[in-house]
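Undergrad: attaching a predicted model along with its sequence, questions to come.
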Amino acid sequence: MSTNAEIPSSAIPVILLGEFEATAKAFSEAVLPDFDVVYLSTIPDLAIKALPGVLRGQAPVYLQPDDKLKLETAASAPKAIVVVAGPAFDDAFVASAQQALAANDLHVPFFKQREYDGNSDAVGADAVAVAKTAHVEELAARAVKALKKAAEEGKLEGEDDGVYVY
């Protein structure tokens, strides 16, 4: 999922979870220059296993070399996890991921889109809509606003493990 865009060193590294790589790429580009997606997972089980290492700046072995380099050379460890549409990344997934992180003494906030209400039919419909560029840009703008607010409030400093809506 690497991009050739020059990433500002002041960009805050984040993790992105979502089922669609095309959406993730558009979302990642739309959150620049404030936030840099340094790791993407489209598979929930794999994400839960990889998140503790990724939050420590350790790239999973399956990443492409460019993506490994991006994670390993980030200005710092990822500060937040952003969830984009997809029924597989639901509230139960977030709870499981939080448990896995807590077991590793890692604390990082999750951000999920406001349309998500736990109804897999609604999420499925929204997941299709996310593929549209305008919708991705709107989601990214909302995510950036929520992430900036969290940064201002000190919630991206490794002590907060809440779930916030964007």
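TA: Looks like it came in fine. Numbering: from 1, shown residues only.
Undergrad: please identify the buried residues of the longest helix that the chain contains?
TA: For the chain, the helix with the greatest residue count under DSSP state H is helix 133-152. For helix 133-152, the neighbour count (16 or more other CB atoms under 10 Å) marks 135-136, 139-140, 143-144, 146-147, 150-151 as buried. C-betas here are computed from N, CA, C, even on glycine.
Undergrad: show me the helices in this structure, by range?
TA: Listed in chain order, the helices of the chain (DSSP H) span 21-30, 44-55, 65-72, 91-103, 120-130, 133-152.
Undergrad: where does the closest residue to Leu139 other than its chain neighbours land on pLDDT?
TA: With CB to CB, 6 or more residues apart in numbering as the criterion, Leu139 has its nearest non-adjacent residue at 5.9 Å, and that residue is Gln113. With respect to pLDDT, Gln113 has a value of 88.
Undergrad: one more: the one 4 residues further on?
TA: Looking at Asp117, its pLDDT stands at 41.
Undergrad: before we move on, what about the one 10 residues further on?
TA: Model confidence at Ala127, given as pLDDT, is 50.
Undergrad: wait, doesn't Leu156 sit right on Ala77?
TA: No - Leu156 is not in contact with Ala77 according to CB atoms under 8 Å; the separation is 10.6 Å.
Undergrad: higher neighbour count, those two?
TA: Taking neighbours as other CB atoms under 10 Å, Leu156 and Ala77 compare with Leu156 leading, 21 against 17.
Undergrad: list the contacts of that one.
TA: Contacts for Leu156 (CB atoms under 8 Å, 6 or more residues apart in numbering) come out as 12, 79-80, 108-109, 147, 150.
Undergrad: just the C-alphas of the longest helix of the chain, formatted as PDB.
TA: Below are the C-alpha coordinates for helix 133-152, written out as PDB (Å, rounded to 0.1, in the frame of the first residue of the first chain):
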ATOM      1  CA  THR A 133     -14.000   9.100  -4.100                       C
ATOM      2  CA  ALA A 134     -16.200  11.900  -2.700                       C
ATOM      3  CA  HIS A 135     -17.300   9.700   0.200                       C
ATOM      4  CA  VAL A 136     -13.800   8.700   1.000                       C
ATOM      5  CA  GLU A 137     -12.700  12.300   1.000                       C
ATOM      6  CA  GLU A 138     -15.600  13.200   3.300                       C
ATOM      7  CA  LEU A 139     -14.700  10.300   5.700                       C
ATOM      8  CA  ALA A 140     -11.000  11.300   5.700                       C
ATOM      9  CA  ALA A 141     -11.900  14.900   6.400                       C
ATOM     10  CA  ARG A 142     -14.000  13.800   9.400                       C
ATOM     11  CA  ALA A 143     -11.300  11.500  10.600                       C
ATOM     12  CA  VAL A 144      -8.600  14.200  10.400                       C
ATOM     13  CA  LYS A 145     -10.800  16.500  12.400                       C
ATOM     14  CA  ALA A 146     -11.400  13.900  15.100                       C
ATOM     15  CA  LEU A 147      -7.700  12.900  15.100                       C
ATOM     16  CA  LYS A 148      -6.600  16.500  15.400                       C
ATOM     17  CA  LYS A 149      -8.900  17.100  18.300                       C
ATOM     18  CA  ALA A 150      -7.600  13.900  20.000                       C
ATOM     19  CA  ALA A 151      -4.000  15.100  19.500                       C
ATOM     20  CA  GLU A 152      -4.900  18.500  21.000                       C
END
